[in-house]
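**Student:** quick check, what structure comes out for this input:
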Amino acid sequence: MEGPPKSPNAARANAAPCSSALDNSKSKFWRRGSSNVPGSVKAVNAVRGAQFPPLQQSHVVTGPHSPTVRRKGQSSFAAFSEKSSDAWDDREEDMYPDSIENAVELSIHRASTDMLATIPNPTSANASQHSTAPGVNPHLLTAAAGNSGAGGSVPSSPRQSTGNLSNASGASAPAAAGGGGAAATAAAAAAAATAPAAFDMAAAEAAASEERIRKCRAILAAKNVNMDELRDLSWNGCPPEERPSCWKLLCGYLPSNRERQASTLARKRGEYAGFIEQYYPSRLNEQNQALFRQIYIDVPRTNPSVPLFQHPRVQETFERILYIWAIRHPASGYVQGINDLLTPFFAVFLTEHVPGDPHTYKIDDISEEAMSQVEADTFWCVGKLLDGIQDNYTYAQPGIQRKIAALRELVSRIDAPLNAHLETHGVEYLQFAFRWMNCLLMREMPLRCTIRMWDTYQADGDGFATFHLYVCAAFLVQWSRTLLRETDFQGIMLFLQSPPTSQWSDKEVEMLTSQAFVWKAMFHNAPKHLAPQSNTVGHG
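**Tutor:** Residues are numbered from 1 along each chain as shown. Now for the predicted structure:
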């Protein structure tokens, strides 16, 4: 039987013991633990360097357990969290900043922690003499204190950016001012000894060069040379030690089968020796005197800045090569500019017998046999090159005419302001680009740059006939800003005839070939892009 209903006060009185027990169990469950909550972030003093703007002093955190002060505009939840006793550690307030200033401050704290964690912390007996902020390497403060005493600018604490040394470390500033220089120097030396070594660019480049040589030699040593791998390697430059062999293979002078290479070389060199006996005496005949006279005049003009090509022994070699080639190719004969094409091959093949810089070769020390081998190899490789661009040297030179027209159209689409500037001042592409096509830019670059560029040309397969057009476009656009500042025809032509390339190295050549490769990929397989604009206009 149910009893009389209980009053509200009585019900609350009976429920009080149960509620109290529940509160006690909750308080034990939600009590603050002395251990860190997993995932919590320990606040550290902010490090403010050049990459962080100084914060207002009122926003600087002075320690990981500093009492939270109610700021103007602080949210009610932040005020509640200061008074409540829940599962969150008071040190975790910084995980959820209640203002933009706190967010910036927290990001600086975290950045300083990550940065200082990567700095080595060597063992030092003097480290305990300095009080440091949490997370800061004491040896950094010691070294910085010594530097500050000597007038240095290295901060001695995370707050050095405000110019106050004593705020962050009470002991480091007195040590700097009171004769702690020796200890600071020792600590700095210990830190420097354990710091990671600076990246040595020269060593890295030397290692990369050794690796390229090793890879190239492995390709050349194969029973059948993998020409695709050789082209891929040569595109970025052949190792100088292996360049003669690479060029002979790339231009088709030598077969890829290694067992046939020695016999092919012997046969080709013997054939050229027979050509000398057969053709060279005819230079004295009346019908050939004009041809030989032109060669005789042009050879001393070949790359006059290189003493090697001014040596009488070398000039006689060039005369024989050019005369025999012209006699054997009556469709084109000898044309001015072909003499320049001999120099890269001759200089490269000479390195098999006299390693070093072509500018310092002692040609008199080379034996007759070695010179005859270099001469024969140069003759056959130049012939292979000219076979691909022979229409550049036939009557009226139609190959060069087509390339100049294509260069004009290409530049008009790549750099319209430069093309318009040239037209405004009456500069015709034929006036400066004819020599670029005829001599393959050899008179516009140092010999070392030409040799490097020819690595890429021969690796391309059709580099002399096709890729050279895009290199010329890249070469012209290279000087666009300078040319746009020229205000008359004479200034533009003088610059284009003598561009400032005397200090160029492989890096500049690689930039040219890289840009040319991009433009070739864009335009070469889309011939409509290079068609005259009048042909692309629709009718209707």
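
**Student:** what is the neighbour count of the residue lying closest to A326 once chain neighbours are set aside?
**Tutor:** The shortest distance from A326 to any non-neighbouring residue, by CB to CB, 6 or more residues apart in numbering, is to Y334 (3.8 Å). Backbone N, C-alpha and C define where each C-beta goes, glycine included. A count of nearby residues for Y334, using other CB atoms under 10 Å, gives 19.

**Student:** pLDDT score assigned to Y334?
**Tutor:** According to the prediction, Y334 has pLDDT 95.

**Student:** name all residues that make contact with it.
**Tutor:** 291, 294-295, 322-323, 325-326 (CB atoms under 8 Å, 6 or more residues apart in numbering).

**Student:** immediately after the helix or strand containing R408, which helix or strand?
**Tutor:** Secondary structure from DSSP states H and E places R408 in helix 398-414. Counting by DSSP H and E, the next helix or strand C-terminal to helix 398-414 is helix 416-424.

**Student:** and the next element down the chain from that next one?
**Tutor:** helix 429-438.

**Student:** for that next one, packing partners?
**Tutor:** helix 398-414, helix 468-478, helix 489-497 (3 or more CB pairs under 8 Å, 6 or more residues apart in numbering; DSSP states H and E).

**Student:** looking at those, which is buried most?
**Tutor:** helix 468-478 (a mean of 23; mean count of other CB atoms under 10 Å).

**Student:** what average pLDDT does that helix get?
**Tutor:** 97.

**Student:** which other helices and strands contact the following helix or strand past that helix?
**Tutor:** Per DSSP H and E, helix 468-478 leads on to helix 480-485 as the next helix or strand towards the C-terminus. On a contact count with 3+ CB pairs under 8 Å, 6+ apart, helix 480-485 meets helix 416-424, helix 489-497.

**Student:** list of residues touching the first one?
**Tutor:** Which is helix 416-424. Contacts of helix 416-424 (CB under 8 Å, 6+ apart): 408, 411-412, 429, 476-477, 480, 483-484, 492.

**Student:** quick one: contacts for the nearest residue to R313 once chain neighbours are set aside?
**Tutor:** Take R313 and drop its neighbours on the chain: the residue closest to it by CB to CB, 6+ apart is I363, 5.5 Å away. Going by CB under 8 Å, 6+ apart, I363 touches 308, 311, 313-314.

**Student:** looking at these, spot the one nearest Q458.
**Tutor:** L308 (21.8 Å; CB to CB).

**Student:** how close does that closest one get to M371?
**Tutor:** 12 Å (CB to CB, to the nearest Å).

**Student:** between those two, which one's more packed in?
**Tutor:** L308 (21 against 17).

**Student:** got the phi and psi for that one?
**Tutor:** Here is the backbone geometry of L308 (degrees, to the nearest 10): phi -60, psi -40.

**Student:** re earlier: so of the contacts of Y334, which two are at opposite extremes in space?
**Tutor:** Q294 and W325 (13.3 Å).

**Student:** the more surrounded of the two?
**Tutor:** W325 (22 against 18).

**Student:** ok so that one is a helix residue?
**Tutor:** Yes. Secondary structure of W325 (DSSP: H, G, I helix; E, B strand; the rest coil): part of a helix.
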